[in-house]
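Asker: Let me see the structure of the following:
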Amino acid sequence: MSNNAYDKLVQDFMAKIKAKNPGEVEFHQAVEEVAESLIPYIEENPQYKEAKILERIAEPERIILFRVPWVDDKGEVQINKGYRIEMNSAIGPYKGGLRFHPTVNLGILKFLAFEQVFKNSLTTLPMGGGKGGSDFDPKGKSDNEVMRFCQSFMTELSKHIGPNTDVPAGDIGVGGREIGFLFGQYKRLRNEFTGVLTGKGREWGGSLIRPEATGYGATYFAEEMLKTRGESIKGKTVAISGSGNVAQFATQKVTELGGKVVTLSDSSGYIYDPDGIDEEKLAYVMHLKNVKRGRIREYAEKYGVEYFEGKRPWSVKVDVAMPNATQNEINKEDAETLIKNGCYVVSEGANMPSTPEAVEVYLDKKILYGPGKAANAGGVAVSGLEMSQNSLRLSWTREEVDEKLQRIMKDIHAQCEKFGKEGDYINYVKGANIGGFVKVADAMLAQGIV
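Answerer: Numbers count the residues shown, from 1 in each chain. Coordinates of the predicted model:
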């Protein structure tokens, strides 16, 4: 079949998706990116076509919407929306984070849940895909306000989750504090201590290196990609966006492996430190963002480096870019600028941080490009390991968990290589999409039309 014929099949498929899910732009983007890789493969494997596997994966098994009333410190009643998208449970319980952010809406959560199905499958662990959250904004709220919101949110969510049904975790706006409040309320309502959430505190069922896992994993994936060219992170200059959990631990691991991180950012702008963000500077960033809840511009003031208000760090000359902030933060122009300035590795720590046009640039220039569903799967991989430890009622050492994480990232890379090899080039987009699809699709075929 010609490329034009495949393009027509993708267009027809997407027309149906858009008609059924109007206005959900991010969801359309995520599905189309996957469909472009999968439809040629499905045409060659008609068992998937006949059972309409892709159409079924693109439709959530269940969508839960609810209101979340809570009382602020002034005694005023506030009302937010709550969501849980239970996307696919073919290979295990629904698994995916909760996001608390004003931008949260149904389309964004459906895109994240859809991506999560493929990402979780790639880890080789028995986890289905889900995502949830609220348009609640924890920024500027007191601990007591966050607690009251979390307790109200979990009062409704607890009816729909459980260790063998759906196991949420953290995401943007949901860190250790929020997971603690959510877990405490679940335990109180259900009268059981069980592994219903991941990202828990070390003393009450959490796993070592879970906070580090996404940033570490994206770095390990970059290292695996570089190995295909006989290289490593050592000696490379790296641009990282974001300054939260993923960015912090990606910076730590890159530095540990001998690379030099020169940028960090937040929603206000980015800092450029040509000397590199070493261990001491990173400790300052961690205190600034995790304790003081300050802005990254304070780093520039403290260390006397440049701060670029309202900009993203993709114009800096680097070898490696790690977008770790949010979706669609690298557009076509950014991608072209990165490559013009010598960047030849992109490893995504965030979910879908590159626009489709940016991805086209990466693939056209044949750079090493690790899409989020592969490169940032380390976080959910260690969440899966946390679930295993909870089920076994034991805790593995830091070294054991890190070793398992490295092995999982190598396995993900191997699957991408297997399904994405195109002559001398590895198309990681195609490899991740097909590699993640096959396991879920085969499980769905075995389980019948459900």
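
Asker: so where is the stretch 1-150 of the chain shaky, pLDDT-wise?
Answerer: Nowhere does the stretch 1-150 of the chain drop to pLDDT under 70.

Asker: Distance check, residue 221 against residue 320.
Answerer: Distance from residue 221 to residue 320, counting by C-beta to C-beta, to the nearest Å: 11 Å. All C-beta atoms are positioned from the backbone trio N, CA, C, and that covers glycine.

Asker: shared neighbours of the two, anything?
Answerer: Common neighbours of residue 221 and residue 320 are listed as residue 347 (criterion: C-beta atoms under 8 Å, 6 or more residues apart in numbering).

Asker: neighbour-wise, which of these two wins?
Answerer: A count of neighbours by other C-beta atoms under 10 Å puts residue 221 above the other of residue 221 and residue 320, at 29 against 25.

Asker: Now do the contacts for that one.
Answerer: 347, 370, 374, 375, 378, 409, 412, 413.

Asker: Contacts only, for the closest residue to it other than its chain neighbours.
Answerer: Excluding its sequence neighbours, the residue lying closest to residue 221 (C-beta to C-beta, 6 or more residues apart in numbering) is residue 375, at 4.3 Å. Listed by C-beta under 8 Å, 6+ apart, the contact set of residue 375 reads 217, 218, 221, 222, 347, 348, 349.

Asker: now residue 212
Answerer: Here residue 212 is in contact with 249, 252, 253 (criterion: C-beta under 8 Å, 6+ apart).

Asker: What lies in contact with the longest helix along the chain?
Answerer: Identified as the longest helix of the chain according to DSSP state H is helix 398-420. Outside helix 398-420, the residues within contact range by C-beta under 8 Å, 6+ apart are 122-125, 207-209, 213, 216-217, 220-221, 224-225, 228, 370, 374, 377-378, 381-382, 385, 396, 426-432, 434-436, 438.

Asker: Next, the spatially most central residue of the chain: secondary structure please.
Answerer: Against the mean C-alpha coordinate of the chain, by C-alpha atoms, centre = their mean, the closest residue is residue 351 at 4.3 Å. When classified by DSSP: H, G, I helix; E, B strand; the rest coil, residue 351 comes out as coil.

Asker: what's the pLDDT at it?
Answerer: Looking at residue 351, its pLDDT reads 87.

Asker: Which pLDDT value goes with the closest residue in space to it that isn't next to it in sequence?
Answerer: Excluding its sequence neighbours, the residue lying closest to residue 351 (C-beta to C-beta, 6+ apart) is residue 372, at 4.9 Å. Looking at residue 372, its pLDDT reads 93.

Asker: show me what contacts residue 372?
Answerer: 115, 119, 348, 349, 350, 351, 352, 353.

Asker: max-length strand in this structure?
Answerer: If you go by DSSP state E, the chain has its longest strand at strand 77-88.

Asker: Check which residues of it are buried.
Answerer: Neighbour-count burial for strand 77-88, counted by 16 or more other C-beta atoms under 10 Å, picks out 78, 80, 82, 83, 84, 85, 86, 87, 88.

Asker: how close does residue 99 get to residue 370?
Answerer: Applying C-beta to C-beta, the value for residue 99 to residue 370 is 22 Å.

Asker: Rebuild the contacts of residue 221 as CSV, extending it with distance to residue 168.
Answerer: Listed next are the contacts of residue 221 as CSV, based on distance: C-beta to C-beta, whole Å:
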residue, distance to residue 168
347, 26
370, 25
374, 22
375, 22
378, 18
409, 23
412, 22
413, 27
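
Asker: Out of these, the closest to residue 196 would be?
Answerer: Nearest to residue 196 out of the contacts of residue 221 is residue 378 (C-beta to C-beta; 21.7 Å).

Asker: Now for the nearest residue to the closest one once chain neighbours are set aside: which residues touch it?
Answerer: The shortest distance from residue 378 to any non-neighbouring residue, by C-beta to C-beta, 6+ apart, is to residue 217 (1.6 Å). The contact partners of residue 217, by C-beta under 8 Å, 6+ apart, come to 375, 376, 377, 378, 379, 381, 382, 405, 408, 409.

Asker: Residue 350 and residue 370: what is the separation?
Answerer: Computed as C-beta to C-beta, the residue 350 to residue 370 distance reads 12 Å.

Asker: quick one: buried residues of stretch 124-141?
Answerer: Across stretch 124-141, burial judged by 16+ other C-beta under 10 Å covers 124-136, 138, 141.

Asker: Contact partners for residue 437?
Answerer: Taking C-beta under 8 Å, 6+ apart, we find residue 437 in contact with 34, 38, 41, 53, 54, 57, 118, 121.
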